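Undergrad: fold the following and give me the result.
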Amino acid sequence: MATPTPSEVPLPAGAERVRLALSEQGADRASAGVRLLDDSARTAAEAAAALGVGVPQIVKSMVFAADGVAVLVLTAGDHRVDPAKVAALLGAAQVERADPDLVRAATGFAIGGVAPVGHPGPLRTLVDVDLAQHEVVWAAAGHPKAVFPTTYDELLRITAGTPAEVA
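TA: As a prediction, the model looks like this:
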């Protein structure tokens with residue numbers, strides 16, 4: 001039996017929502033590139049191994065609570081976000097990792113599959129400037145096994161994100 005091509009494999013609901021959001025934003029290459037990996041891509045290392053790319057090319061989508069308000073931080077896979085830097089960038093008194101309930105409420109996705117787009121509403125977003133070093137970066141597509149290719153500039157555009165040093 002032949003292996004199905006990506007277009008023949010139905011996407012999980014979250015990944016389809018991301019594909020449609022990308023298409024609506026005019027990110028046609030990214031939309032067409034949404035794919036399911038054979039194994040989980042919950043971590044940057046897992047995604048990089050499955051794609052055959054370096055960990056810095058993986059976009060980690062991390063949700064933080066800045067004075068209780070959800071903020072999305074997109075960072076290079078080999079970076080650790082510094083909450084103090086994020087707080088200074090946002091003018092927030094306190095920034096901490098969001099709990100799973102806030103992540104799902106703000107993004108519509110569970111931790112491990114949070115995509116940069118396809119959220120129920122606008123979400124303030126910071127984008128790690130180090131991602132600009134790579135011609136192509138890979139982001140989660142709404143499911144622990146789903147990813148899509150994009151560029152730093154496109155990521156800024158489709159998220160209305162702010163370039164930032166977050167690590």
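Undergrad: list the helices and strands the lengthiest helix in the chain packs on?
TA: Looking across the chain with DSSP state H, the single longest helix is helix 13-24. Helix 13-24 sits against helix 28-32, strand 146-150, with contacts defined as 3 or more C-beta pairs under 8 Å, 6 or more residues apart in numbering; DSSP states H and E. Where you see a C-beta, it was placed from the backbone N, CA and C, and this is true even at glycine.
Undergrad: for A15, which of those is the nearest?
TA: In this view, those are compared for proximity to A15 by C-beta to C-beta, and strand 146-150 is the closest at 3.8 Å.
Undergrad: check the offset of that closest one from the chain's centre.
TA: Computed by C-alpha atoms, centre = their mean, to the nearest Å, the chain-centroid distance of strand 146-150 equals 9 Å.
Undergrad: just the angle between the helix or strand just after it and strand 146-150, please?
TA: Heading C-terminal from strand 146-150, the first helix or strand you meet, by DSSP states H and E, is helix 152-159. For helix 152-159 against strand 146-150, the angle by axes from the mean of the first three to the mean of the last three C-alpha atoms, to 10 degrees is 120 degrees.
Undergrad: if you count neighbours, what's buried in helix 152-159?
TA: Neighbour-count burial for helix 152-159, counted by 16 or more other C-beta atoms under 10 Å, picks out 152, 154-156, 158-159.
Undergrad: could you pull out the buried residues of the longest helix of the chain?
TA: 14-19, 21-22.
Undergrad: go on, stretch 117-132?
TA: Buried, per 16+ other C-beta under 10 Å, within stretch 117-132: 117-119, 123-132.
Undergrad: now render those as JSON lines, adding distance to G68, pLDDT and secondary structure.
TA: Output for the buried residues of stretch 117-132, formatted as JSON lines (distance: C-beta to C-beta, whole Å; pLDDT from 0 to 100; DSSP: H, G, I helix; E, B strand; the rest coil):
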{"residue": "V117", "distance to G68": "23", "pLDDT": "98", "secondary structure": "coil"}
{"residue": "G118", "distance to G68": "23", "pLDDT": "97", "secondary structure": "coil"}
{"residue": "H119", "distance to G68": "18", "pLDDT": "97", "secondary structure": "coil"}
{"residue": "L123", "distance to G68": "14", "pLDDT": "97", "secondary structure": "coil"}
{"residue": "R124", "distance to G68": "13", "pLDDT": "98", "secondary structure": "coil"}
{"residue": "T125", "distance to G68": "17", "pLDDT": "98", "secondary structure": "strand"}
{"residue": "L126", "distance to G68": "17", "pLDDT": "98", "secondary structure": "strand"}
{"residue": "V127", "distance to G68": "22", "pLDDT": "98", "secondary structure": "strand"}
{"residue": "D128", "distance to G68": "23", "pLDDT": "98", "secondary structure": "strand"}
{"residue": "V129", "distance to G68": "26", "pLDDT": "98", "secondary structure": "helix"}
{"residue": "D130", "distance to G68": "28", "pLDDT": "97", "secondary structure": "helix"}
{"residue": "L131", "distance to G68": "27", "pLDDT": "98", "secondary structure": "helix"}
{"residue": "A132", "distance to G68": "31", "pLDDT": "98", "secondary structure": "helix"}
